[in-house]
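Peer 1: 3D model of this:
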Amino acid sequence: MKLFFIRYTKLLFIWLQLHRIFGWMGSFFANMYYLTLFSKWAYQNRKVAYNDFPCKWDYQRRKKMYEWVIEQERLEQEAINYLEFGVAWGESFNWWLQKNKHPQSTFYGFDTFDGLPEDWGPFKKGAFSSNQVLPDISGDTRGLFLKGLFQQTIPGFVQQLDNTRRNVLMMDADLFSATLYALTSLAPYLKKGDIIFFDEFVVPTHEFKAYQDFIQSYYCNLQLIAAANNYYFVAFKVQ
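Peer 2: Residues are numbered from 1 along each chain as shown. Model (predicted):
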């Protein structure tokens, strides 16, 4: 009976072209569905060593979380591969350059530097543009920017990645499409102990959805180790 109902409901939708009636509600229901999944996930993961929920909104809380993860994971002096997806004006990229001074660490920043390639909520295509100007990293030769869409820059990059060092990924691309592409491209190179940060994790149909699709598709075991600003910023450790 259940299979019959599902089968003929699908046929009815196609035959009557019910997308014309219900299509405008798709975004709302998708947000409600993933927000429900997020709420359940947050409840199940509320007991972590670092979690400031509930708290007053403060974007700078992310740096306190970074500091805590760096101290707990002893990242400050370790040689790492730092990969930031979504650099914009380079604030967090420069912050990490200053925090990790190991001469063999490498820092890679991926961005179009021409703003968002598609709309993201209230932000339109082109928002967060640095007008093609690369961030100033004060001549630190450990840093390199890869300009273009991730689909253009990541494939060649991963072929020469030195995967002997611990990888620290900063997912700050905002968009579902960009975040999922970066995660799936790096999946073969993730190893136990690698760290993954998300910068807008609480947005249900973008970074959170990308995370959900990624772990379900790749059976990747990511342990939440820190959350800040009401789960807006989170950090995972690859198990």
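Peer 1: which residue is nearest the middle of the protein?
Peer 2: Met171 (3.1 Å; CA atoms, centre = their mean).
Peer 1: In this structure that residue contacts Phe85, no?
Peer 2: Yes. At 5.6 Å, Met171 and Phe85 qualify as touching, with contact defined as CB atoms under 8 Å. Any C-beta I mention is one placed from the backbone N, CA and C, and that applies to glycine too.
Peer 1: tell me the contacts of the residue nearest to the centre of the chain?
Peer 2: Contacts for Met171 (CB atoms under 8 Å, 6 or more residues apart in numbering) come out as 85-86, 179, 182-183, 196-199, 207, 210.
Peer 1: Could you tell me which helix of the protein is the longest one?
Peer 2: Looking across the chain with DSSP state H, the single longest helix is helix 26-44.
Peer 1: tell me the SS of Gln104?
Peer 2: Under DSSP: H, G, I helix; E, B strand; the rest coil, Gln104 falls in the coil class.
Peer 1: still on that earlier bit, and the contacts of Met171, which of them are buried?
Peer 2: 85-86, 179, 182-183, 196-199, 207, 210 (16 or more other CB atoms under 10 Å).
Peer 1: which one among the residues you listed gets closest to Asn100?
Peer 2: Phe197 (13.8 Å; CB to CB).
Peer 1: which residues touch Arg166?
Peer 2: By CB under 8 Å, 6+ apart, Arg166 lies in contact with 75, 78-81, 193-195.
Peer 1: can you map out the strands along the chain?
Peer 2: Taking DSSP state E, the strands of the chain run over residues 50-51, 80-85, 106-111, 143-147, 166-171, 195-198, 222-228, 233-238.
Peer 1: Make JSON lines out of the ones you listed and add distance to Phe4 and mean pLDDT.
Peer 2: Formatted as JSON lines, the strands of the chain follow (distance: least, CB to CB, whole Å; pLDDT from 0 to 100):
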{"stretch": "strand 50-51", "distance to Phe4": "46", "mean pLDDT": "98"}
{"stretch": "strand 80-85", "distance to Phe4": "45", "mean pLDDT": "98"}
{"stretch": "strand 106-111", "distance to Phe4": "48", "mean pLDDT": "98"}
{"stretch": "strand 143-147", "distance to Phe4": "52", "mean pLDDT": "97"}
{"stretch": "strand 166-171", "distance to Phe4": "43", "mean pLDDT": "98"}
{"stretch": "strand 195-198", "distance to Phe4": "41", "mean pLDDT": "98"}
{"stretch": "strand 222-228", "distance to Phe4": "39", "mean pLDDT": "98"}
{"stretch": "strand 233-238", "distance to Phe4": "42", "mean pLDDT": "98"}
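Peer 1: between those strands, which one is nearest to Tyr59?
Peer 2: Closest to Tyr59 of those, according to CB to CB: strand 233-238, at 8.9 Å.
Peer 1: How far away from the center of its chain is the closest one?
Peer 2: Counting by CA atoms, centre = their mean, to the nearest Å, strand 233-238 is centred 10 Å from the centre of its parent chain.
Peer 1: rewinding a little: identify the bridge partners of the residue lying closest to the residue nearest to the centre of the chain once chain neighbours are set aside.
Peer 2: Ranked by CB to CB, 6 or more residues apart in numbering and with sequence neighbours excluded, the top spatial neighbour of Met171 is Phe198, at 4.7 Å. Beta bridges link Phe198 to Met171, Val234 when assigned by DSSP bridges.
Peer 1: Including distance to Trp95, could the strands of the chain go into TSV?
Peer 2: Listed next are the strands of the chain as TSV, based on distance: least, CB to CB, whole Å:
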stretch	distance to Trp95
strand 50-51	18
strand 80-85	10
strand 106-111	11
strand 143-147	12
strand 166-171	10
strand 195-198	12
strand 222-228	15
strand 233-238	13
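Peer 1: what's the closest of those strands to Asp58?
Peer 2: strand 222-228 (9.0 Å).
Peer 1: Much appreciated, bye for now.
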